[in-house]
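Participant: mind looking at a prediction? Sequence and model below.
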Protein chains: 4
Amino acid sequence: MKHILLTQAEDQPGLIAKVTHVCHEHGLNIIRNDEFVDKESGQFFMRTELSGDMSRATLLFALSKIRNNIKHKIVEEKKKQIVVFCTKESHCLGKILMDSLFGDLQVEVKAVISNHDDLRSLVSRFGIPYHHVSSDRIERTDHEKRLLMILNRYEPDFIVLAKYMRVLTPTFISHYTNRIINIHHSFLPAFAGSKPYHQAYERGVKMIGATAHIVNSELDGGPIIEQGVEHIDHRLSAADMVKTGREIEARVLTKSIDKFLKEKVFVYQNKTVVFD
Amino acid sequence: MKHILLTQAEDQPGLIAKVTHVCHEHGLNIIRNDEFVDKESGQFFMRTELSGDMSRATLLFALSKIRNNIKHKIVEEKKKQIVVFCTKESHCLGKILMDSLFGDLQVEVKAVISNHDDLRSLVSRFGIPYHHVSSDRIERTDHEKRLLMILNRYEPDFIVLAKYMRVLTPTFISHYTNRIINIHHSFLPAFAGSKPYHQAYERGVKMIGATAHIVNSELDGGPIIEQGVEHIDHRLSAADMVKTGREIEARVLTKSIDKFLKEKVFVYQNKTVVFD
Amino acid sequence: MKHILLTQAEDQPGLIAKVTHVCHEHGLNIIRNDEFVDKESGQFFMRTELSGDMSRATLLFALSKIRNNIKHKIVEEKKKQIVVFCTKESHCLGKILMDSLFGDLQVEVKAVISNHDDLRSLVSRFGIPYHHVSSDRIERTDHEKRLLMILNRYEPDFIVLAKYMRVLTPTFISHYTNRIINIHHSFLPAFAGSKPYHQAYERGVKMIGATAHIVNSELDGGPIIEQGVEHIDHRLSAADMVKTGREIEARVLTKSIDKFLKEKVFVYQNKTVVFD
Amino acid sequence: MKHILLTQAEDQPGLIAKVTHVCHEHGLNIIRNDEFVDKESGQFFMRTELSGDMSRATLLFALSKIRNNIKHKIVEEKKKQIVVFCTKESHCLGKILMDSLFGDLQVEVKAVISNHDDLRSLVSRFGIPYHHVSSDRIERTDHEKRLLMILNRYEPDFIVLAKYMRVLTPTFISHYTNRIINIHHSFLPAFAGSKPYHQAYERGVKMIGATAHIVNSELDGGPIIEQGVEHIDHRLSAADMVKTGREIEARVLTKSIDKFLKEKVFVYQNKTVVFD
């Protein structure tokens, strides 16, 4: 079985040698290794794919002796479980459902939660539970409590906001720190907030794009995982941009989910390290 | 000889038929025709490439009878004359010089003006006058007066700011309304103002880009002609981004100069129509 | 209602003026007009979007008087009906089904035909008939007769080969001349024939791609509508390329279907004119 | 000073640990490390950027003890010296000259050799020797002997064919095995041989591209370093494609020179490993 060892530490000479040496001593073979040192913050990041039988506890114990203040984490390479939030737009959700159905995306969609009922029919085609939790006439905190109750039932590895058009509170986010991925329909930081395509139309840009990011307490301000753009020209109305943007959004979101579930994304400060 | 007829008007039924009919009646053949109607503003734009002998005055007179409030302009297809402004960075200027030398860009660089002396040696290799107009210890308006005096000598068709790192005043710009092209080193409207790559680094974006635009009185706010981006990852420092960005900047700027000199750019409101 | 007028003719002076004049005389407004003259063959192509009430017969009659040897065709802008052929791979079919479900692709999938039974479950989720026509132990011509019998039932506007892994005979193709779109999983003409990703792996290319084309009697040799590529590097095995390629194939195929159904594709000689 | 350690070997467990351990023991710090195992051939490739004082001989000796059949090479990071071959086209040569002038490309162009005299004026602007070695009325082997004599004077690290339109013989190539980089003006393996843009025009492709590759004895068949493409449409004549292609060719060639001089390119079998 394949395992992935994630290492994060303050940089210091000899780290690669020591960590890979411990792996080798334990009879593990390194299939692939990626590392990065952020010179500005002095942080070291390494992702090591390992094959061979291992006792996770024994390996972690040996690794812990390398030095203080190294964070190690070992995860099996396997399908991840997610819950998808959406509102009314189908394209991101649709692509996730289709890609997961045929294994292009190694996720199991445990449930879909929406503040509207529009996408129930789509989700039912895939035999997946759909929870309509209306946000009408209800306090924001109460609404989020209901969401959390449903999430507790599924215990997803992470949450995907597939064009979920509501802002989540810091309290909600704190339950899934660095485990909520959102797609924003612009190349951030341009056009944060609402109606980015209309903002783009007004400004007369010649490209439109989408940004997948980790959700934190700052609106559209979380660490960016992936961005994509397409060239456009004067002929596109704001409505045309919305339409053209769908393809980019769905592609950027699923690509970033793929990176995330393969444990290729490290989050630190307000940035990400994303290995190939 | 090839001529280009530019038509701009309030949209109304029959415009294409009428304009092309007049051209046909005058024995001109349409080599290529591009048109666009902006539905929001109701504006009609058409660019018509014509071959055949013409009396420009006669044709314009016939066209003027089509209807009130149509703007027509006829230009010969020929090399344009430009003056390039720069500061210390060589890559945009260098590409313009090289591309014009071999006809990849149909411009004649009449002169280069800089607030520094660094690029004199580069420009002298191409036998082009270089004017160092220092902005040290001098009022902004006086500095611009000197620039204008030099420009008057050359009477360029338009001005290219090839990483000219000073802001021009509305007074200066008014002498060359819609005839100054600038390259900004970010995908606007993200990272307007100074040090955009450092801003980009701080934000942790996964793309960097450049924007060529017409200069107006709003800083980095003029009508956009062309934008380009490249994907980047976490490994790039701000300095690496500066380096990677050079290629994009030079490419986007020369491409937009090419569109501009071929009379493919219409400016209206704060946007452009750019034909293929 | 919107209509699209398609004009093809030998090029001659005044064509644009004459055709647009006839439209204007009949009270029709030109919403958008695209034209192209292929200088080598001397062919003229024009696509005109018209609004206003029209008698199609009257308009065609008036147009027919412009000159001999002009081909005119008027079509309503509406959803097209298609039949999709596939084999075992789901990604192209899946995207077509999803995009048509939500109107991102203005097609109605009347039926899916496959030489295998693998994708029945996927298609049934969308309530669309699935015909398994095995090609085992049966003559090619008999197999195609069965396909034609099923097609006759649905009378599709055109056929989409969504990774249909069998070669169609000229006889079959002649029933749907210029109305069969195929996706080939390479940037043609590189890697025509079978197993293109394995050919690409062997050659060590740094890009992989896909090509959507009109099917004619030459294997992977028909007129190209659209091509797409992605950069790859040495880390991809042939199997990884297959996986990476899926996204490109699905995107290129659906984009070319979209162009085709909007009547933006002209086929002549062995090429296409594809308007934006 | 920065050094780069290049390791190539048959893959075996523990290689990363052992090599990085030796570096660490010798007081060297790893600034960056990239590795790749080609599973099909079982080859291991590693590129390690090292800082710190080193005795190259001592380090190589220690590394040599890791195991048999490991190839190690240590190079300083420094400007490389090149000779450029060209014929009549200026764009690739022009970009190399300009990029090297300002340090965007860390090469010193020692000389330019051409079978024509057209580009002498361009090269003289940069104060670089230009050798016109006509291939008229002279045996191929004699011509190449003259080229080799000139090359011997400069002893370049590698040779760049910047649109050199003659085929080199295996004998010539054997003097610079894996040290000649060529730019071919198509996305290989499509359109190998002469007049690729004309071939592309005939086939009606919707993309054109360029390929930088190591030259070996097979025409346009050597290991590919880098490829680039641009979308085109029906409006481009073969001549337009030639013009559009220039930008891609120059970009792809200089990018691959940059990879090569940074020792990021490993050649094996008929492929390359190119680290980011």
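Facilitator: Received, thanks. Given the structure is predicted, the values throughout are model-derived calculations rather than measurements. Numbering: from 1, shown residues only, chains lettered A, B, ... in the order given.
Participant: hmm, stretch A:26-42 touching chain D?
Facilitator: Yes - with CB under 8 Å from any CB of the partner chain as the criterion, chain D is reached by stretch A:26-42 at A:29-33, A:35, A:37. C-betas here are computed from N, CA, C, even on glycine.
Participant: these also near chain C: which ones?
Facilitator: Among the residues of stretch A:26-42 next to chain D, chain C is touched by none when using CB under 8 Å from any CB.
Participant: what about the spatially most central residue of chain A, is that helix, strand or coil?
Facilitator: Central residue of chain A (CA atoms, centre = their mean): residue A:181, 3.9 Å from the mean position. Three-state assignment for residue A:181 (DSSP: H, G, I helix; E, B strand; the rest coil): strand.
Participant: what do you get for the one 10 residues further on?
Facilitator: For residue A:191, the secondary structure call by three-state DSSP comes out as coil.
Participant: tell me the contacts of it?
Facilitator: Residues near residue A:191 by CB atoms under 8 Å, 6 or more residues apart in numbering or on different chains: A:197, A:199-200, B:189.
Participant: can you pull out the helices in chain A?
Facilitator: Listed in chain order, the helices of chain A (DSSP state H) span A:15-25, A:56-64, A:91-101, A:120-124, A:140-154, A:170-174, A:196-203, A:238-261.
Participant: buried deepest among the ones you listed, which one?
Facilitator: Compared across those, helix A:91-101 shows the largest average neighbour count, a mean of 24 (mean count of other CB atoms under 10 Å in any protein chain shown).
Participant: how far off helix A:238-261 does it point, in degrees?
Facilitator: 40 degrees (axes from the mean of the first three to the mean of the last three CA atoms, to 10 degrees).
Participant: which residues touch helix A:91-101?
Facilitator: A:84, A:86, A:104-109, A:112, A:119, A:122-123, A:126, A:128, A:160, A:162-163, A:183, A:246-247, A:249-251, A:253-254, A:257, C:90-91, C:94-95, C:98, C:101-102, C:104, C:122.
Participant: centre of the chain to it, how far?
Facilitator: 15 Å (CA atoms, centre = their mean, to the nearest Å).
Participant: and that helix, what's its mean pLDDT?
Facilitator: Averaging pLDDT along helix A:91-101 gives 98.
Participant: and if you look at stretch A:260-273?
Facilitator: Per-residue scores along stretch A:260-273 average to 97.
Participant: now do stretch A:21-28
Facilitator: 95.
Participant: tell me if stretch A:6-15 is near chain B.
Facilitator: No - shown here: stretch A:6-15 not in contact with chain B (CB under 8 Å from any CB), separated by at least 13.2 Å.
Participant: ok, back up a step: out of the residues of stretch A:26-42 next to chain D, which are inside strands?
Facilitator: A:29-33, A:35, A:37 (DSSP state E).
Participant: of these, closest to residue C:4?
Facilitator: Taking CB to CB as the measure, residue C:4 lies nearest residue A:32 of those, at 52.4 Å.
Participant: tell me the pLDDT of the closest residue to the closest one other than its chain neighbours.
Facilitator: Nearest non-adjacent residue to residue A:32, counting by CB to CB, 6 or more residues apart in numbering or on different chains: residue A:49, 4.3 Å away. Looking at residue A:49, its pLDDT stands at 96.
Participant: contact partners for residue A:49?
Facilitator: Applying CB under 8 Å, 6+ apart, the residues near residue A:49 are A:2-4, A:30-33, A:77.
Participant: kindly reformat the residues you listed as CSV containing neighbour count.
Facilitator: Formatted as CSV, the contacts of residue A:49 follow (neighbours: other CB atoms under 10 Å in any protein chain shown):
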residue, neighbour count
A:2, 12
A:3, 20
A:4, 18
A:30, 22
A:31, 15
A:32, 17
A:33, 25
A:77, 15
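Participant: list just the nearest of those residues to residue C:233.
Facilitator: residue A:32 (13.1 Å).
Participant: hang on, the closest one packs against residue D:37?
Facilitator: Yes - contact criterion CB atoms under 8 Å: residue A:32 and residue D:37 qualify, at 7.4 Å.
Participant: what is in contact with those two at once?
Facilitator: With CB under 8 Å, 6+ apart as the test, residue A:32 and residue D:37 reach no residue in common.
Participant: circling back: and of the contacts of residue A:49, the nearest to residue C:69?
Facilitator: residue A:32 (63.5 Å).
Participant: enumerate every residue touching residue A:264.
Facilitator: Contacts of residue A:264 by CB under 8 Å, 6+ apart are A:34, A:47, A:274-276.
Participant: please apply the same query to residue A:175.
Facilitator: A:148, A:151.
Participant: show me what from the stretch 151-276 of chain A comes close to chain D.
Facilitator: So the stretch 151-276 of chain A meets chain D at residue A:276 (CB under 8 Å from any CB).
Participant: in the stretch 151-276 of chain A, what residue is nearest chain D?
Facilitator: residue A:276 (7.7 Å; CB to the nearest CB).
Participant: that residue contacts residue C:232, doesn't it?
Facilitator: No - counting by CB under 8 Å, residue C:232 is not a contact partner of residue A:276; they are 10.7 Å apart.
Participant: so these two - more neighbours on which side?
Facilitator: For residue A:276 versus residue C:232, neighbours defined as other CB atoms under 10 Å in any protein chain shown are more numerous around residue C:232 (19 against 10).
Participant: model confidence for the more buried one, exactly?
Facilitator: pLDDT, residue C:232: 97.
Participant: circling back: looking at the ones in strands among the residues of stretch A:26-42 next to chain D, which one is closest to chain D?
Facilitator: Closest to chain D, out of all of these and judged by CB to the nearest CB, is residue A:29, at 4.8 Å.
Participant: what's that closest one in contact with, if anything?
Facilitator: Counted by CB under 8 Å, 6+ apart, residue A:29 has contacts A:50-52, D:13.
Participant: same check, this time on residue A:18
Facilitator: By CB under 8 Å, 6+ apart, the neighbours of residue A:18 are A:66-67, D:24.
Participant: quick one: pLDDT of residue A:244?
Facilitator: For residue A:244, pLDDT reads 96.
Participant: please disregard the earlier target; I meant residue A:173.
Facilitator: pLDDT at residue A:173 comes out at 98.
Participant: contacting residues around it?
Facilitator: Contacts of residue A:173 (CB under 8 Å, 6+ apart): A:180, A:215-217.
Participant: as a markdown table, these with pLDDT and neighbour count would be great.
Facilitator: Shown next, in a markdown table, are the contacts of residue A:173 (pLDDT from 0 to 100; neighbours: other CB atoms under 10 Å in any protein chain shown):
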| residue | pLDDT | neighbour count |
| --- | --- | --- |
| A:180 | 98 | 21 |
| A:215 | 98 | 25 |
| A:216 | 96 | 19 |
| A:217 | 93 | 12 |
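Participant: check those residues against residue C:172 and report the nearest one.
Facilitator: residue A:180 (51.2 Å).
Participant: run through the bridge partners of that closest one.
Facilitator: Listed by DSSP bridges, the beta-bridge partners for residue A:180 are residue A:159.
Participant: and for residue A:51?
Facilitator: Applying DSSP bridges, one finds that residue A:51 bridges with residue A:2, residue A:29.
Participant: surely it meets residue A:31?
Facilitator: Yes - between residue A:51 and residue A:31 there is a contact under CB under 8 Å: 5.5 Å.
Participant: pull up the overlap in contacts between the two.
Facilitator: Counting by CB under 8 Å, 6+ apart, the residues touching both residue A:51 and residue A:31 are residue A:2.
Participant: out of the contacts of residue A:49, which one sits closest to chain C?
Facilitator: residue A:32 (8.3 Å).
Participant: which residues touch that closest one?
Facilitator: Here residue A:32 is in contact with A:48-49, D:37 (CB under 8 Å, 6+ apart).
Participant: for it, give me the pLDDT.
Facilitator: 94.
Participant: for it, give its distance to chain B.
Facilitator: 17 Å (CB to the nearest CB, to the nearest Å).
Participant: what does residue A:182 give?
Facilitator: Residue A:182 is 15 Å from chain B, by CB to the nearest CB.
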